[in-house]
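Undergrad: Need a 3D model of the sequence below.
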Amino acid sequence: MSDSIDLSGDGGVVKTILKKAKADALCPSEDLPLVDVHYEGTLAETGEVFDTTRLDNTVFSFELGKGSVIQAWEIAVKTMKVGEVAKITCKPEFAYGSAGSLPDIPPGATLIFEVELVACKPRKGSSVTSVSEERARLEELKKQREVVAAAKEEEKKRREEAKAAAAARIQSKLESKKGQGKGKGKAK
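TA: Predicted coordinates:
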């Protein structure tokens, strides 16, 4: 399980899965952009821990796509599933850059985070239920449209069959009259 994945394509953000999530675990998405994580951040150069949620067993919550965390986290966390634990190595250009974040993170520091994705949730004001309900409602509308379209198609087919039957009856009557008219003329 120590396969490293270069998420940025240039070695700037590398993820190594330490613990896989269940196959059917949720992952962040447009419907579920709010995430809760446990993490521990260390300086790659010294191994010194500069921040952690593990000591007080808290979670850190943020919304993906809002720029409220370093770029490496934006890139890496959206690839994770709930329950997954990963080591994320972040080059300075995907973390705090040449400025660092003093006093804890020196300028130009490469950072290593062990991150566990604890949960992903919908934005405030929506819920997984309302998102699911909306999808179900749209699916039901789609089914209703399909039923109506099928009924219209069936009605069109019946009209065409009725027209064909009427045309056949008219043709039959015309041929019958032609046959009767020829027979009357010879009877004289």
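Undergrad: switch to C-alpha atoms for all contacts and neighbour counts from now on
TA: Will do.
Undergrad: and stretch 98-113, how far out from the chain's middle?
TA: A distance of 34 Å separates the centroid of the chain from that of stretch 98-113, by Cα atoms, centre = their mean, to the nearest Å.
Undergrad: now stretch 55-66
TA: In terms of Cα atoms, centre = their mean, the centre of stretch 55-66 is set 22 Å apart from its chain centre.
Undergrad: Now do the buried residues in that stretch.
TA: Of the residues in stretch 55-66, 59, 62-64 count as buried by neighbour count, 16 or more other Cα atoms under 10 Å.
Undergrad: Put together TSV for those residues, with pLDDT on each row.
TA: Written out in TSV, the entries for the buried residues of stretch 55-66 read as follows (pLDDT from 0 to 100):
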residue	pLDDT
59	93
62	94
63	93
64	94
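Undergrad: Return the backbone torsion pair for the residue nearest the centre of the chain.
TA: Nearest to the centroid of the C-alpha atoms of the chain, with distances taken as Cα atoms, centre = their mean, sits residue 29, at 5.6 Å. Main-chain torsions, residue 29, degrees, to the nearest 10: phi -160, psi -180.
Undergrad: Could I get the contacting residues of it?
TA: Listed by Cα atoms under 8 Å, 6 or more residues apart in numbering, the contact set of residue 29 reads residue 78.
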